[in-house]
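Undergrad: coordinates for the following, if possible.
(3 chains)
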Amino acid sequence: MLDSKIPSGSIEQKWKNRKFESKLVNPSNRRKHTVIVVGTGLAGASAAATLGELGYKVKVFTFHESPRRAHSIAAQGGINAAKNYQNDGDSVYRLFYDTIKGGDFRAREANVYRLAELSVNIIDQCVAQGVPFAREYGGTLTNRSFGGTQVSRTFYAKGQTGQQLLLGAYSSLMRQSGEKSVEIFPRQEMVDVIVIGGKARGIVARNLVTGELQSHLADAVVLATGGYGNVFFLSTNAKQSNATAAWRAHKRGAYFANPCFTQIHPTCVPVSGDYQSKLTLMSESLRNDGRVWVPMKVGDKRAPNEIPESERDYFLERMYPSFGNLVPRDIASRAAKRMCDEGRGVGATGLSVYMDFRDAIQRLGNTVVSEKYGNLFQMYEKITDENPYKVPMRIFPAVHYTMGGLWVDYNLMSTIPGLFVAGEANFSDHGANRLGASALMQGLADGYFVVPYSIANYLGGEKLSAVKQEQDEVKSAIADSQERLNGFMKIKGSQSVDEIHRKLGKIMWEHCGMARNEKGLNDAIKLIQKLKDEFSNDIRIPGDTRLNSELEKANRVADFLELGELMCIDALNRKESCGGHFREEMQTPEGEALRDDQNFSYVAAWEHTGKTPTLHKEALTFENIHLAQRSYK
Amino acid sequence: MKLNLKIWRQKSPSEQGQFKDYVVNNANEDMSFLEMLDFLNMDLVRKGEEAVQFDHDCREGICGSCSLMINGSPHGPETGTATCQLHIRKFKDGDTIVIEPFRAKAFPVLRDLCVDRTAFDRIMAAGGFCSVNTGNAPEANSILIGKEVAENAMDSAACIGCGACVAACKNASAMLFVSAKVSQFALLPQGKPERSRRVRQMVAQMDKEMFGSCSNTGACEAACPKEISLENMARLNREMLRASVTE
Amino acid sequence: MMKCKSFLSSSVGQKFLVALTGLGLSGFVLTHMLGNLLLFVGPNAYNLYGHKLTSTPLIYVAEVVLVTLFVVHVGLTLKLQKANRASRPIAPSQLPNVCVKRASFASRTMALSGLMILSFAILHLVTFKFGPYYAVTVDGVEMRDLYKLVQESFQKEWYTGFYLVCMVILFTHLSHGFTAAFQSLGLSNTHNTWLKRIGFVFALVVAGGFFSQPLYMYLAHH
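TA: Have a look, this model is predicted:
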């Protein structure tokens, strides 16, 4: 059994107790400690900036050319916080409750409560940094509502909330960079973690421009490297988002938790052709005013505006009257899939449903609708060449977020001491399904508030021996990575890495996507094993090791292949349906997810062994929230 | 669709580059411009030729990674559009398309179409922030900001830092980028305490990075994928003057 | 003082000076053009005006100011232009008529039009200020017969033609420069979009006025 190191006391007291019990590092001693932060998204940038402010020597790595390019920037809708500015009954406890319930009771209560508590500090911090959140005429902050809740607690900056929050964190990071407390290493990708004496003591980074490998030593390492949605090839993640840092850490001893928990977002622009490189999300905030529907009749090929009201099925409103179009993402996605499976999907492929703003435009007028969603409508029109003011948008679910990730305890430390994991890269807060506008909240809570305390607690309590570049562990880590990269270059097969990646994506989407079953998962594991062989025998990387996108992809896809297999193994193991993980064998008569709390109320943390991974369990106990079948009806 | 491409190939910052011709035969009009390049690269790789290197990431027009001068225009012919949001349907069958990197002394070419834009980061480090440590913040609603002010600040803050303004400018001036950040903070009460120091230091760093000066041609505004307004630059000039006469 | 110095050494500060001197020169060309409208009234009015202008000692102050404006405006521009060239070592290749996101012709050619105006101004001074001295007596006072000189100069087709072309160049320079100066001085904002149009109107009035004078002299006395 894994020890999650949850502090004692009532749920409200736990974080206070931990902060008080925490060991500290004297300000003058902090500069003697080097901390490496990998990734510069919300979690990484905020953690690095804060650690720099505190006086640690911080080294920040990003494979991007600038910290500001991290994928957090693409988050559109907003960030939740239990401020209760709208006086509509919100509280820390309600945000906690909504998140646990939204996650289908597969998250750790103590972590989620802390997240809800910290949410209010995040908004204060961001406003102080100059993040231009939307305001009321009187000058106070305004909110919108998001899926899975009945209060308005989402703060936003037009449709670019992620961008503004990231630029806020980035500006703090650049301030520290200017003050020389943080050193930034752009276009450098982490390819391994250096473990010495059982503790994380540094990383191997590859300079993408020169192709050189270099080791960087430290007293603690923070991974904030995001999720692994790109296993599916087609996802809403940025093209370069990858799991390599997390997967390398996993192979060095960090357990990987709940890898099968992936979120399929209901409102994305549908796939249009087989050349497609990625999918584009249409913010969940659109569901505040957009009504989702399909034709009543199977195979109705009429144009949407020719289908009369009486022949439209607003299926979310019909099936879930109390939450309507704002049901959580997993539920909305599955409902859309069911409509398409019934043959009522629309568009040329039959793989999409309408999201219609006709009523909102009639009620509010074009101007108000464009004020609220103008940039999203414009983005949709650019991609599809269709005007959503005139014809309903067509949407379909797409992989968007991964709730699974490296296992961490309450202090966000992985099973490798000294290796901390923050943001989407860890598994901790969202259970089996994440609520909208909670990813930004978690990234920033981890980075600004949790990691800095945890690092102090760790460094204050550990006696760390000195490490040198010449040590065997360091040299062999570099040699391993070099060999691996040389191996890719030597294959000289006939396929580009993307071709293998697309095949992996197809296997994963078909068998480990919105619906999973035992046979499919077993098939998928076999297919992936075959694909691995294909990869190691048939890929081709022309050119040299300097700035070579094909080599970068190969390095990442090799890890995606292994991770994809683990996802299927985890999905096979979890013989229940919960949140984004839907096992067809386990459903209610209405087709809703059916949990098995008796047998699966645990976190599945997988240990890498080289052969079949070993399962470790962390039992989930719910002391504050009563376990119940989720209902949004 | 058939497209004739003239693409800038350059092995390293120190080596000479030149245009090379490529033909893409089966481009689909619903493809994005970068998907067309993916398609070309897949073809090149299969033939054992080196893939064309270009920066890209989110492909939703927000991360600012993608660049490219397409037929002499930064981010291609469409206004208010980043390269990743440009679609092949905007071109005609048989078109010749010239693709080259953003050109500026401050943006050295790393390889092919990839340039180094870290000069922007250094400008940000010089003053593009509000100095507030984590944990230091007052209650969010204690700072009242009028709706219009917040919206104007948001319009300035929408900059994605792609560098199209620099590429478009005959002087390779970074004024639009710098002014957008200066404006955002000059408009907001949070930014006021250090507005003078900020504008002085950011402009000093901008000059140091070898960006040119502004000739008010407006090419930057025309090229900006986020349509950042020239008004920001007037505000920067104002802020700069203010900083030198007061305080 | 330090801050003022650092302001003036920054690119923004130098453009500020270029704008300020540019506006000063704009004021000069406007008054010069208005004064020259007396050509339409007749030789006496024009010569009296010239005489009054040159006989006050203030003219020396004005000349010094004017030369300073010219030197600062041209000198700083050349300095900035040199730095700008260095900022852009390779210009992107442009397919003809395909590049759509480009600035106006006037704004792109400011340095060139400026240099042409400078050369014109020198020639202009050589022709008129330092040109032949004809004497005339008006109301019993002897003075320079500038009217005659002007009339004589614009009898030559090539000279008149050259002059007219230069006024078109002056128009392009002013049409961008006048508005741009307000931008560089930080005076334009969303509430005064008329500033954008006023530059065009100003340039039209000044260049138009200057255009009409040699044309009139040529046509009236040919």
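Undergrad: which residues touch residue A:575?
TA: Going by Cβ atoms under 8 Å, 6 or more residues apart in numbering or on different chains, residue A:575 touches A:518, A:583, A:585, A:586, A:596, A:599, A:600. For glycine as for every other residue, the C-beta is placed from the backbone atoms N, C-alpha and C.
Undergrad: OK, contacts around residue 59?
TA: Because you didn't say which chain, this covers chain A. Neighbour list for residue A:59: A:34, A:35, A:36, A:37, A:182, A:183, A:185, A:216, A:218 [criterion: Cβ under 8 Å, 6+ apart].
Undergrad: you answered for a different chain; I wanted chain C.
TA: Counted by Cβ under 8 Å, 6+ apart, residue C:59 has contacts residue C:53.
Undergrad: one more: residue A:320?
TA: A:327, A:331, A:632, A:633.
Undergrad: what's the nearest residue to the third one if we skip its chain neighbours?
TA: Using Cβ to Cβ, 6 or more residues apart in numbering or on different chains and skipping residues adjacent in sequence, the residue nearest residue A:632 is residue A:323, 4.2 Å away.
Undergrad: just to check, the one you found is in contact with residue A:148?
TA: Yes: Residue A:323 lies in contact with residue A:148 (Cβ atoms under 8 Å); the separation is 7.5 Å.
Undergrad: so which of those two has more stuff around it?
TA: Applying other Cβ atoms under 10 Å in any protein chain shown to residue A:323 and residue A:148 shows that residue A:148 carries more neighbours, namely 27 against 20.
Undergrad: among the contacts of residue A:320, which pair sits farthest apart?
TA: Distances among these were taken as Cβ to Cβ; the most separated pair is A:331 and A:633, at 10.2 Å.
Undergrad: the more surrounded of these two?
TA: Set residue A:331 next to residue A:633 and count neighbours by other Cβ under 10 Å: residue A:331 wins out with 25 against 11.
Undergrad: which ones are touching that one?
TA: Residue A:331 touches A:320, A:592, A:632, counting by Cβ under 8 Å, 6+ apart.
Undergrad: quick check: it vs residue A:559, distance?
TA: 31 Å (Cβ to Cβ, to the nearest Å).
Undergrad: domain map for chain B?
TA: B:3-111, B:118-245 (automatic domain parsing).
Undergrad: now the longest one: average pLDDT?
TA: Computed over domain B:118-245, the mean pLDDT rounds to 96.
Undergrad: wait, does it make contact with chain C?
TA: Yes: shown here: domain B:118-245 in contact with chain C (Cβ under 8 Å from any Cβ of the partner chain) through B:167-173, B:175, B:200, B:203-204, B:206-207, B:210-219, B:222-223, B:229-231, B:233-241, B:243-245.
Undergrad: what's the end-to-end length of that domain?
TA: This stretch, domain B:118-245, spans 31 Å end to end (Cα to Cα, to the nearest Å).
Undergrad: starting at the chain centroid, how far to it?
TA: 13 Å (Cα atoms, centre = their mean, to the nearest Å).
Undergrad: that domain near chain A at all?
TA: Yes: counting by Cβ under 8 Å from any Cβ, chain A is contacted by domain B:118-245 at B:118, B:120-121, B:124-141, B:143-147, B:150-151, B:153-154, B:157-158, B:160-161, B:184-185, B:188, B:190-191.
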